[in-house]
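K.L.:
Need the 3D shape of this:
(4 chains)
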There are 2 protein chains.
Amino acid sequence: MHQSLHTVNDSTVAGLGRLARFFGFSEVMGRLYGTLLLSPVPLSLDDLAERLQISKGSVSMNMRALERWGMALEVWMRGERKKYYEAEPDLWQVMRNVLTGRERREVQLALEVLDDSVEKLKSAERDLTPQERELAEFYLGRMDDLQAFFHVAQLALETVLATEVSLDFEEITKFDIG
Amino acid sequence: MHQSLHTVNDSTVAGLGRLARFFGFSEVMGRLYGTLLLSPVPLSLDDLAERLQISKGSVSMNMRALERWGMALEVWMRGERKKYYEAEPDLWQVMRNVLTGRERREVQLALEVLDDSVEKLKSAERDLTPQERELAEFYLGRMDDLQAFFHVAQLALETVLATEVSLDFEEITKFDIG
DNA sequence: CCATACTTTCAAAACATTTTGAATGTAGGG
DNA sequence: CCCTACATTCAAAATGTTTTGAAAGTATGG
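P.N.:
Numbers count the residues shown, from 1 in each chain, chains lettered A, B, ... in the order given. This next block holds a predicted model:
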């Protein structure tokens, strides 16, 4: 195959591996996703192990993770026992999957912990010495800041998740460029 | 000190440690930041090592990282040789520092790599066999999708970075709650 | 309903990151 | 301009993560 196709494939796979790390996934997940994204046909676990030069076990585990995150889809090939996969090509869908499954959980957890803390501090107030009470006031101020921060984060998240951007944005961007 | 103050401190420090991990920093950085955020007075490296039960070496390294990210500020105490630190209390400022120093770089890098790839594929076109040309076309489509995605990400980032939210949002949020 | 071609699992090994603390460097008070 | 109390560095050790491949499990074509 021509050099340029190899080079582009390599740098894209590497770039998506990097991006995966950045998002807290394993690099292999990103590279598998990239390999599938640049394949016009679905690939088997063996194909993937061969192309990325990693063990079958690793491919199996990482592909199941990709499946769970809705980044890869299983494809049934008739007359074949093998499992074939293709990449979910809608990057916005992938983004939404990740935001819903992780970021949202994280923000909610943080807000719950903060609520708890405020609750504790307020109900303990009458048992505190004057000095302790002063510190409790200070803590309450910080909890307020943190709550404000996470509330905005939550709002931003829910806004993104409620937006159906996938195709629209591609259209818009093409208009801008063309 | 009263139980409730301890509990709140512990869970906040733990929560910020968790958040730090989530954002790709070390957990210790988050815990140091949390400890400073919940201290009404600046703390020395020894104070921090003592409170978190970690070595001075670790505190030193992680505090310098926090400083580089604009998450902690050095405070000069007169008549003292020790370095004292306090947390940058404006969480939006912290967020902007991180986005500017990391996310922005990452997006720009990705867009450069993609530009390169498109360039390569287009200029190689005349050297390709018909099959290769078909694959090159397919690749170009994927590059387009990726570019669209990163362009939107870039737009979103620059919008956030251009917005001066810090105090305003606290105000807004208080209005909503109260 | 086999036989077998595949996938999954999981414990051990390889690898990577983080932590430690003793050695080294540095700066501020006297 | 020392002396010393502090901060920093860095190599070794501890800890955590990922990868591997052989063994176990599963399902499908015949």
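
K.L.:
tell me the SS of the one residue in chain A that gets nearest to DNA strand D?
P.N.:
Here the residue of chain A nearest DNA strand D is A:G57; by C-beta to the nearest atom of the strand that distance is 2.3 Å. (Glycine included, C-beta is placed from N, CA and C.) In three-state terms, and counting by DSSP: H, G, I helix; E, B strand; the rest coil, A:G57 is helix.

K.L.:
so how many other residues sit close to the residue nearest to A:M1 when sequence neighbours are not counted?
P.N.:
Leaving aside its sequence neighbours, A:M1 sits nearest to B:E132 (C-beta to C-beta, 6 or more residues apart in numbering or on different chains; 6.5 Å). By the measure other C-beta atoms under 10 Å in any protein chain shown, the count of residues near B:E132 is 16.

K.L.:
what's the spacing between B:E132 and A:W76?
P.N.:
To A:W76, B:E132 is 29 Å away according to C-beta to C-beta, to the nearest Å.

K.L.:
neighbouring contacts of stretch A:103-112?
P.N.:
The contact list for stretch A:103-112 (C-beta atoms under 8 Å, 6 or more residues apart in numbering or on different chains) reads A:L146, A:Q147, A:F150, A:H151, A:A153, A:Q154, A:L157, A:L161, B:G15, B:L19, B:F22.

K.L.:
So chain A: which segments form each domain?
P.N.:
With domains defined by automatic domain parsing, chain A comprises A:3-89, A:92-177.

K.L.:
so how far is A:V13 from the residue of chain A closest to DNA strand D?
P.N.:
Distance from A:G57 to A:V13, by C-beta to C-beta: 20 Å.

K.L.:
Between those two, which is the more surrounded one?
P.N.:
Comparing A:G57 with A:V13 by neighbour count (other C-beta under 10 Å), the higher total belongs to A:V13, at 21 against 10.

K.L.:
how about the closest residue to that one other than its chain neighbours, what does it touch?
P.N.:
Spatially, and ignoring its direct neighbours in sequence, A:V13 is nearest to A:G34 (3.9 Å; C-beta to C-beta, 6+ apart). By C-beta under 8 Å, 6+ apart, the contact set of A:G34 is A:T12, A:V13, A:A14, A:G15, A:L16, A:G17.

K.L.:
among the domains of chain A, which is the most enclosed?
P.N.:
Comparing the domains of chain A by mean neighbour count (mean count of other C-beta atoms under 10 Å in any protein chain shown), domain A:3-89 ranks first with a mean of 17.

K.L.:
Does DNA strand C have contacts with that domain?
P.N.:
Yes - on the criterion C-beta under 7 Å from any atom of the strand, domain A:3-89 is in touch with DNA strand C at A:S44, A:L45, A:D46, A:K56, A:G57, A:S60, A:M61, A:M63, A:R64, A:R81, A:K82, A:K83.

K.L.:
Is the spatially most central residue of chain A in a helix, a strand, or coil?
P.N.:
For chain A, the residue sitting closest to the mean C-alpha position, by C-alpha atoms, centre = their mean, is A:V98 at 3.3 Å. Classification of A:V98 by three-state DSSP places it in helix.

K.L.:
Looking at chain A, which helix is longest?
P.N.:
helix A:130-162 (DSSP state H).

K.L.:
and the angle from that helix to helix B:130-162?
P.N.:
140 degrees (axes from the mean of the first three to the mean of the last three C-alpha atoms, to 10 degrees).
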